[in-house]
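Visitor: next one to model:
(2 chains)
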Amino acid sequence: MITIKNINKSFEGKQALYDISATYKPGECSLVIGASGSGKTVLLKTIIGLMEADSGEIFYGNTLLNSLNAKEKKRLRREIGMLFQGSALFDFANAQENVIFPLNFFTNMSKEEKLERANFCLERVGLTNVNKKYPSELSGGMQKRVGIARAIALNPKYLFCDEPNSGLDPHTSIKIDNLIREITQEYNITTIINTHDMNSVMEIGDKIVFIHQGHKSWEGSNKEIFHADNQALNDFIFASKMAQQLKGCTVGTR
Amino acid sequence: MELKFVTLRDFINRNTLKSNFFYHIGHYFLFLGQVFRKPEKWRIFVKNFFNEADKLVINSIPLIALISIFIGAVLVIQTSSNMTSPLLPKMYIGYMARESLILEFSSTMVCLILAGKIGSNISSEIGTMRITEQIDAMEMMGVNSASYLVLPKICSTTLLNPLLTLMSIIVGIIGGYLLVQITGIIMVKDYITGLRFAFTEYYVLYTAIKTSVFSFIISSISSYYGYYANGGSLGVGRSSTKAIVVASAMILIANLILTKIML
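Guide: Numbers count the residues shown, from 1 in each chain, chains lettered A, B, ... in the order given. I've put the predicted structure just below:
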């Protein structure tokens, strides 16, 4: 479980996050949604510890992140998997080597065991014949899958995904969402996903936190979000014409 | 007109600190502190060391050989055209070509060329990894990205580039020999006598040490600018340019200091 309490973060005097608190449970896909520039990525990077909060507390289970020294933080990070917005696969390594990368550093597995584990992770995300392909030879969807395979290679307790659907077609987006949800439930991982994809909200939003201009503006589940009494949230989720029409249908049939 | 009040801290952050020479000096040494940590796994370090040696040193051999052979030949032509006095023995042409190659060309000039080749390679490679979040991904996993990426580059170039310098001296001398042989500008015997005349072994050590220092400067400064690149592809280009300019300037300064100390 991850608990954040009163997180504040600013850059050169400009406040990016205001007093954000939330709890993320294992086995659940928790979504952080908001418009571009609202502070989602800053929040995610602050929770992970890639950025330092100005004030506030971040708990991983009972461990307070802020109180850890560099060595302890490093150890904690081995329990965290992350899928970056652009996948962040290493250009110098093929798909299999990308998945093996963390295993090389943090396990004493033999070469065969590492290969077996990498192949298992790649198969788990639905990739079988791309082991020897380099990131530049893979499609966007495949890169995301390799990114997920790399993130789960060390059996993490926590999984962070920064806009896993950006740049993907709706069909592939759904597949990636389902994959993240399956992995979250299968391994009982605490998963936090940054997104502004409404499909993801509908599909996997067990818990949703809406960030508006750096403030936590709303919190709930995907069942509650379309009936939320929050102007900023409604403006965000019904921004597209299609969503407005769907809203009309929903209201009409209610 | 609207007046904007800026706090002192903001003013320092925005206008002074990050463009300040002393800021970069401090930041550079902090970066080196991060780089020179014990590698997480020696096996991975050794593998990366040889990969980098292949990419940065072995791949530079053709370029350095090509330049050295022509420079060796040009040195012979220039020296002979300036030695018009019949009182000066012709063997001095070979002697001066050898001394020029050993003392200055094969260390300083070769390293200035390498600053362009290796420097841009390192800073653009690391800079691209920075802007595509690959470095963040390593940090996320708990890997010391600076040490993993930079230490093998610094070690391989610092330890192996002196061999490039030695090769450059030999190829340069061969270039001069071929010119003498083909054009008959002086007698081959005179050229060879000049090459053997008053040879000081210490100069080879001096040039090897200079090359090591220059290689350290090139790889560490290029890595520094690449590691802190920002602002997309334009930022990577900017950091590459800065890396080459700063590394070249530092090579010239270090050359002066080392020459004063060692000769």
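Visitor: so B:I251 sits against B:T108, correct?
Guide: Yes: using Cβ atoms under 8 Å, B:I251 makes contact with B:T108 at a distance of 6.8 Å. No exception for glycine: its C-beta is placed from N, CA and C like everyone else's.
Visitor: and those two? which has more neighbours close in?
Guide: B:I251 (24 against 21; other Cβ atoms under 10 Å in any protein chain shown).
Visitor: which bits of the stretch 51-200 of chain A sit near chain B?
Guide: Counting by Cβ under 8 Å from any Cβ of the partner chain, the stretch 51-200 of chain A comes close to chain B at A:73-75, A:77-78, A:80, A:82, A:84-86, A:88-91, A:101-102, A:104-106, A:154.
Visitor: may I see the PyMOL selection of the buried members of those?
Guide: Applying 16 or more other Cβ atoms under 10 Å in any protein chain shown to those leaves a buried subset, and the PyMOL line that selects it is:
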select buried, chain A and resi 74+77+78+80+82+84+85+86+88+89+90+101+102+104+105+106+154
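Visitor: can you tell me the SS state at A:K133?
Guide: coil (DSSP: H, G, I helix; E, B strand; the rest coil).
Visitor: contacts only, for it.
Guide: A:94-95 (Cβ atoms under 8 Å, 6 or more residues apart in numbering or on different chains).
Visitor: ditto for the one 3 residues further on
Guide: Applying Cβ under 8 Å, 6+ apart, one finds that A:S136 lies in contact with A:D91.
Visitor: and the helices in chain A, which stretches?
Guide: For chain A, the helices defined by DSSP state H occupy A:40-48, A:70-77, A:95-106, A:111-124, A:140-152, A:170-186, A:198-204, A:231-237, A:241-253.
Visitor: pick the most deeply packed of the ones you listed.
Guide: helix A:140-152 (a mean of 25; mean count of other Cβ atoms under 10 Å in any protein chain shown).
Visitor: alpha carbons only: can I get it in CSV?
Guide: Taking Å, rounded to 0.1, in the frame of the first residue of the first chain, the C-alpha atoms of helix A:140-152 are listed here in CSV:
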residue,chain,number,x,y,z
GLY,A,140,4.7,1.6,-30.1
GLY,A,141,2.4,-1.0,-28.6
MET,A,142,5.2,-3.6,-28.6
GLN,A,143,7.5,-1.2,-26.9
LYS,A,144,5.0,-0.6,-24.1
ARG,A,145,4.7,-4.3,-23.7
VAL,A,146,8.4,-4.8,-23.4
GLY,A,147,8.4,-1.9,-21.0
ILE,A,148,5.8,-3.7,-18.8
ALA,A,149,7.8,-7.0,-19.1
ARG,A,150,10.9,-5.1,-17.9
ALA,A,151,8.9,-3.5,-15.1
ILE,A,152,7.7,-6.8,-13.8
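Visitor: for that helix, name the packing helices and strands.
Guide: On a contact count with 3 or more Cβ pairs under 8 Å, 6 or more residues apart in numbering or on different chains; DSSP states H and E, helix A:140-152 meets strand A:80-83, helix A:95-106, helix A:111-124, helix A:170-186.
Visitor: got any ranges where the stretch 1-150 of chain B has weak pLDDT?
Guide: Counting by pLDDT under 70, the stretch 1-150 of chain B has low-confidence residues at B:1-19.
Visitor: these two touch, right, B:I244 and B:S120?
Guide: Yes: with contact defined as Cβ under 8 Å, B:I244 reaches B:S120; the gap is 5.9 Å.
Visitor: quickly list what's touching both of those two.
Guide: By Cβ under 8 Å, 6+ apart, the residues touching both B:I244 and B:S120 are B:S222.
Visitor: between B:I251 and B:T108, which contacts overlap?
Guide: B:F214.
Visitor: which residues touch B:P89?
Guide: B:D190.
Visitor: let's verify it: helix, strand, or coil?
Guide: Relying on three-state DSSP, one would call B:P89 coil.
Visitor: show me which residues of the stretch 101-250 of chain B sit near chain A.
Guide: Proximity of the stretch 101-250 of chain B to chain A, by Cβ under 8 Å from any Cβ, involves residues B:128-129, B:132-134, B:136-137, B:139-143.
Visitor: show me the two of these that sit farthest apart.
Guide: Farthest pair in those (Cβ to Cβ) is B:T128 and B:G142. Separation: 22.3 Å.
Visitor: so between those two, which is more surrounded?
Guide: Comparing B:T128 with B:G142 by other Cβ under 10 Å, the one with more neighbours is B:G142, at 20 against 16.
Visitor: what's near enough to touch that one?
Guide: By Cβ under 8 Å, 6+ apart, the neighbours of B:G142 are A:73-75, A:77-78, A:105-106.
Visitor: how about these in CSV, adding distance to A:E123?
Guide: Listed next are the contacts of B:G142 as CSV, based on distance: Cβ to Cβ, whole Å:
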residue, distance to A:E123
A:K73, 32
A:K74, 29
A:R75, 29
A:R77, 26
A:R78, 23
A:F105, 22
A:F106, 21
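Visitor: of all those, which comes closest to B:Y191?
Guide: The closest of those, once distances to B:Y191 are taken by Cβ to Cβ, is A:F105, at 55.6 Å.
Visitor: the closest one contacts B:E40, correct?
Guide: Yes: using Cβ under 8 Å, A:F105 is in contact with B:E40, at 5.4 Å.
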